[in-house]
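Q: Following is a predicted model, sequence given first.
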Amino acid sequence: MKAIESFETPRPSEVNYINAQYGLKSWLLTKDHKRIALLYLGSITFFFFIGGLYAMMIRLELLTPQGDLLQSTTYNKVFTQHGIIMIFFFLIPSIPATLGNFLIPMMIGAKDLAFPRINLLSWYIYLLGGIITIYALLAGGVDTGWTFYTPFSTTFSNSYVVAAGLGIFINGFSSILTGLNFIVTIHTMRAPGMTWFRMPLFIWSHYATSLIMILGTPVIAITVLLLAFERVSRVGIFDPGLGGDPVLFQHLFWFYSHPAVYIMVLPSMGVVSELVANFSRKNIFGYSFVAFSSLAIAVFGFLVWGHHLFVTPQSVYAGMIFSFLSFAVAIPSAIKVFNWTATLYRSSISYDTPMLYALGFIGLFTVGGMTGLFLASLAVDVHLSDTYFVVAHFHYIMVGGALMGYLGGLHYWWPKISGRMYPEGWGRFAALVIFVGFNLTFLPQFVAGYLGMPRRYHAYPPEFQVFNVLSTAGASILGFGMLIPAIYFVWSMRYGKHAEANPWHLPGLEWRTQSPPPTENFEVTPVVTWDAYEFAPREEIEVVGKFGPEAERI
Amino acid sequence: MSEHIVPVRIYVTIFLALLVGTTLTVMAAFYDFPWQFNTIIALTIASVKATLVVLYFMHVRYSSRLVWVIVAAALFWMAILFALTLSDYQTREWLSSGY
Amino acid sequence: MEQQREAGTLGMWVFLVTEIMFFGGMFLAYTLYRSMFPAAFASASNHLDITLGAVNTGVLILSSFTMAMAVYFTQIGKRRPQILCLVLTLILGLTFLGIKAVEYHDKYTDRLIPGHLIPSAPFGPAVNEHGKPPDHHKLTLLTGATLPQVEMFYWIYFAMTGMHALHMIIGAGLLTFLLIYSIKGRFDPEYHSPVEVIGLYWHFVDIVWIFLFPLLYLLGRHLEHG
């Protein structure tokens, strides 16, 4: 008797979480994690477009070597704000607040998160932080770089540092509350039979992400407050006038901001684990290795922040320790890549849009990760630091990695979230355009950086122009590519094909309820007796490449 | 899992211990110990007081292992912040050229 | 109910982890600069009022005791003592804040508020001169201490005690909410999770002070005659 069939998918009814109640108030005061996920989805998409506008301004300015489009002070504000918006208001909340909020209770068989009202509160806090930051942008902007280095930010910048810092500070609470909610939920609300090692890897990676949110975010919170306090009182702990060290700010800042990049990429890795296993119809290779590697990344990620300080007066000996640890932190990520690849090997891959994004992630994240090793190397970093090499490196991870995972997950779970299918042909086309556009944008930046083009400059020597033109061309393609899903997702909500409960025919718990789900997720609390990626009857599972009869192409 | 109710006499004992600790630390502060012992003594007394509050007033003594792990993790992470940052500052002088 | 209680407690503990890391950043700054400027920090610390600091420590410890007792009485269903203990905790907390306000005012009159936080009273304390008998209202600089480094101490002092006081104010607010609901009879042995959970928060704020007191007030006392 197949494990998959021991749980009956309920007959779809007309009532789901979207139409259960009507009216603005029912959405703005909802406690339903699925509605909150949609509230977040709307807001972060909004911020993504703002960040994208800034990116467009950067790329337009850099088309020509002269600083002709924007003044240098304006350009400083543009790249600063691009960074702040994209990092704090898009990347960090993106997957956890949308897909995580939506799916975590469903994947563990729960009705909601542990603290539904705190979940809603986290969205309002996010909005408040966003509004204050937008005020800072509109009132005159911030020009310190998203890194807010002292003493420029404390003493010399004439921009809205305190306001922007306040927006980020408040936004941090949203992150903390989300992480808190996830941790308590995963510990206390798993359905009967859902042991830790039966959980989907999506949950493991979100658990690890939540650990980082809890342990890291408070440090940037206090750092931003200390920065604001110093700016207001005109002296402070980062002030050499009092014997202070500006580098202390960098220590405190990067103690959070490095783990923050794992907040941005770990959830995406969780999505990729889901996509790789489910779209190759094969149990993930080395499940416990992948699960533990998420935790390892969370822990190790806190030990490496000094690699952002290699070219500061930070002690060379500390630099050596951080360099070594930075190499070590690559290992758990590599373990994931190896396990995904081993999963794909001799499996039955279906090249649907989500899988295309997952494959894109694996390749692009690997490039990003490997170039990170260049930067982790003390001596090489002296040459590459503050050049476009760094910019290319982190965009490969953040866009080639995190964003790809986000898009892949959105497509994969779209039928569950909206009850509609997106148009598959357009989905694949957009994925391809995005992939090409992305590489054209950022690959030339590696070369430009290696050859010495500095970052954060609005003008550059003419020998770098060819790389910048390629990059801007790529950015236009990338931008166009990202508009396509924006359009067809909206289109699909009205005109898309209705999705059944389990359109991909997969064993996950979230597919055992109707699409879209009812407000309480499951009509009956499930009792889990199967592993996360059981595609075939137990007696056939040893045979590589075999798949169950449900594995038809959509 | 039924809720553990801590008896009043334990609360009173801990409270008195905390007051004693406070008195001790103030007294010790005025005596000039050799080397860094003033600091070590002060921090030790503070740590003992904090531990008493955590174990008894905050019921960690009677709580699940998960709570113990959470408390230990927080302390460990603070230790990371301290150790690695101070590793920078303590070793800056090591470079011989008067760095 | 049981699982909800467990979830509530777990949730508060996870939140306290964030608080530990939050204060941890400031403790790091303190540790760093104290090791760099021992004489200045000792001088500045000696100018703090040890009596007020010690009394405040006693006040907070007592308030932790009354808070624990409030939880106890809620657990066994004795409403009157529960409310009494909550009231006492609140009063003690407000006493702490009152004493803190007195201390802050003293700093203001002594021109010890750092930088230009108070534009009309920038940092500029009166310093005792060597050889002359020390005036207790003036600052005594130990050998090796400079005034900017003393200002660094006071910056950290205000950052840390200010943040601590802010948490006390929030705690007082939470206690008020607890009081109101207790008087309405909302808590009983079956359901009193908010009392426990806010109690955890209150004890945490006490623990921060348990460390702040010796680190800020006591660090240089053994050098006072030096």
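A: Here it is on my side, so go on.
Q: C-alpha only now, for contacts and for neighbours.
A: Fine.
Q: Pull up the residues of chain A that are close to chain C.
A: A:114, A:176, A:180-181, A:184-185, A:188, A:214-219, A:221-223, A:226, A:232-237, A:241-244, A:248, A:252 (C-alpha under 8 Å from any C-alpha of the partner chain).
Q: Which members of those are classed as buried?
A: The neighbour count (16 or more other C-alpha atoms under 10 Å in any protein chain shown) marks A:114, A:176, A:180-181, A:184-185, A:188, A:214-219, A:221-223, A:226, A:232-233, A:235-237, A:242-244, A:248, A:252 as buried among the residues of chain A next to chain C.
Q: For whichever residue of chain C sits closest to chain A, give its distance to A:K34.
A: Nearest to chain A in chain C, going by C-alpha to the nearest C-alpha, is C:L117, at a distance of 4.2 Å. From C:L117 across to A:K34, the span is 46 Å (C-alpha to C-alpha, to the nearest Å).
Q: Looking at the two now, which is surrounded by more residues?
A: A:K34 (28 against 18; other C-alpha atoms under 10 Å in any protein chain shown).
Q: which SSE is C:I20 in?
A: helix C:2-36 (DSSP states H and E).
Q: what subset of the residues of chain A next to chain C is also close to chain B?
A: Okay, of the residues of chain A next to chain C touching chain B (C-alpha under 8 Å from any C-alpha), that's A:L215.
Q: List the residues that contact B:L75.
A: C:I20 (C-alpha atoms under 8 Å, 6 or more residues apart in numbering or on different chains).
Q: redo that, cut-off 10 Å
A: Applying C-alpha atoms under 10 Å, 6 or more residues apart in numbering or on different chains, we find B:L75 in contact with B:69, C:17, C:20-21, C:24.
Q: I'd like to know how far the most centrally placed residue in chain B sits from chain A.
A: Nearest to the mean C-alpha position of chain B, counting by C-alpha atoms, centre = their mean, stands B:S47 at 2.5 Å. Distance of B:S47 to chain A, given as C-alpha to the nearest C-alpha, to the nearest Å: 21 Å.
Q: C-terminal to the helix or strand containing A:K77, what's the next element?
A: Using DSSP H and E, A:K77 falls within helix A:72-84. Beyond helix A:72-84 on the C-terminal side, the first helix or strand identified by DSSP H and E is helix A:94-95.
Q: and the following helix or strand past that next one, how far out from the chain's middle?
A: Downstream of helix A:94-95, the first helix or strand assigned by DSSP H and E is helix A:101-107. Distance of helix A:101-107 from its chain centroid, counting by C-alpha atoms, centre = their mean, to the nearest Å, is 17 Å.
Q: Mind giving me the packing neighbours of helix A:101-107?
A: helix A:33-61, helix A:161-188, helix A:201-233, helix A:404-418 (3 or more C-alpha pairs under 10 Å, 6 or more residues apart in numbering or on different chains; DSSP states H and E).
Q: For those, give me CSV that also has mean pLDDT.
A: Converted to CSV, those look like this (pLDDT from 0 to 100):
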stretch, mean pLDDT
helix A:33-61, 97
helix A:161-188, 97
helix A:201-233, 97
helix A:404-418, 97
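Q: now whichever helix in chain B runs longest against helix C:2-36, angle please.
A: In chain B, assigned by DSSP state H, the helix with the most residues is helix B:65-91. Helix B:65-91 and helix C:2-36 are oriented at 20 degrees to each other (axes from the mean of the first three to the mean of the last three C-alpha atoms, to 10 degrees).
Q: If you count neighbours, what's buried in helix B:65-91?
A: Buried-residue list, helix B:65-91, by 16+ other C-alpha under 10 Å: B:67, B:70-71, B:74, B:77-78, B:81-82, B:84-90.
Q: Show the contacting residues for the residue most central in space within chain A.
A: The centroid of chain A falls nearest to A:M264 when counting by C-alpha atoms, centre = their mean (3.6 Å). Contacts for A:M264 (C-alpha under 10 Å, 6+ apart) come out as A:87-88, A:90-96, A:209, A:397-398, A:401-403.
Q: So which of the buried residues of helix B:65-91 reach chain A?
A: By C-alpha under 10 Å from any C-alpha of the partner chain, the members of those lying near chain A are B:74, B:77-78, B:81, B:84-90.
Q: just these now: which is nearest chain A?
A: With C-alpha to the nearest C-alpha as the yardstick, the closest approach to chain A among those comes from B:D88, at 5.0 Å.
Q: okay, and for chain B, where does confidence drop off?
A: B:1-2, B:96-99 (pLDDT under 70).
Q: Just the CA coordinates for stretch A:330-346, please, in CSV.
A: The C-alpha trace of stretch A:330-346 is given here as CSV (Å, rounded to 0.1, in the frame of the first residue of the first chain):
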residue,chain,number,x,y,z
ALA,A,330,31.7,27.7,1.8
ILE,A,331,31.7,24.0,2.7
PRO,A,332,28.1,23.6,3.8
SER,A,333,27.0,25.5,0.7
ALA,A,334,29.0,23.3,-1.4
ILE,A,335,27.5,20.3,0.2
LYS,A,336,24.1,21.5,-0.8
VAL,A,337,25.2,22.0,-4.4
PHE,A,338,26.7,18.5,-4.5
ASN,A,339,23.6,17.0,-3.1
TRP,A,340,21.3,18.8,-5.5
THR,A,341,23.5,17.7,-8.4
ALA,A,342,23.5,14.1,-7.1
THR,A,343,19.7,14.3,-6.8
LEU,A,344,19.4,15.4,-10.4
TYR,A,345,21.7,12.6,-11.6
ARG,A,346,19.8,9.9,-13.4
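Q: Check chain C for me, the residue farthest from its geometric middle.
A: Per C-alpha atoms, centre = their mean, the most distant residue from the centre of chain C is C:G131 (35.9 Å).
Q: residues in contact with it?
A: Contacts of C:G131 by C-alpha under 10 Å, 6+ apart: none found.
Q: Next, please give the residue ranges for the helices of chain B.
A: Using DSSP H, helices in chain B cover B:8-30, B:37-52, B:65-91.
Q: Just the buried residues of stretch A:299-306, please?
A: Within stretch A:299-306, judged by 16+ other C-alpha under 10 Å, the buried ones are A:299-306.
Q: So which of these are in helices?
A: A:299-300.
Q: As JSON lines, the buried residues of stretch A:299-306 with pLDDT would be great.
A: Listed next are the buried residues of stretch A:299-306 as JSON lines, based on pLDDT from 0 to 100:
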{"residue": "A:V299", "pLDDT": "97"}
{"residue": "A:F300", "pLDDT": "97"}
{"residue": "A:G301", "pLDDT": "97"}
{"residue": "A:F302", "pLDDT": "97"}
{"residue": "A:L303", "pLDDT": "97"}
{"residue": "A:V304", "pLDDT": "97"}
{"residue": "A:W305", "pLDDT": "97"}
{"residue": "A:G306", "pLDDT": "96"}
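Q: for the longest helix anywhere in chain C, packing partners?
A: The longest helix of chain C (DSSP H) is helix C:147-183. If contacts are counted by 3+ C-alpha pairs under 10 Å, 6+ apart, helix C:147-183 sits against helix A:201-233, helix C:2-36, helix C:38-46, helix C:79-109, helix C:193-212.
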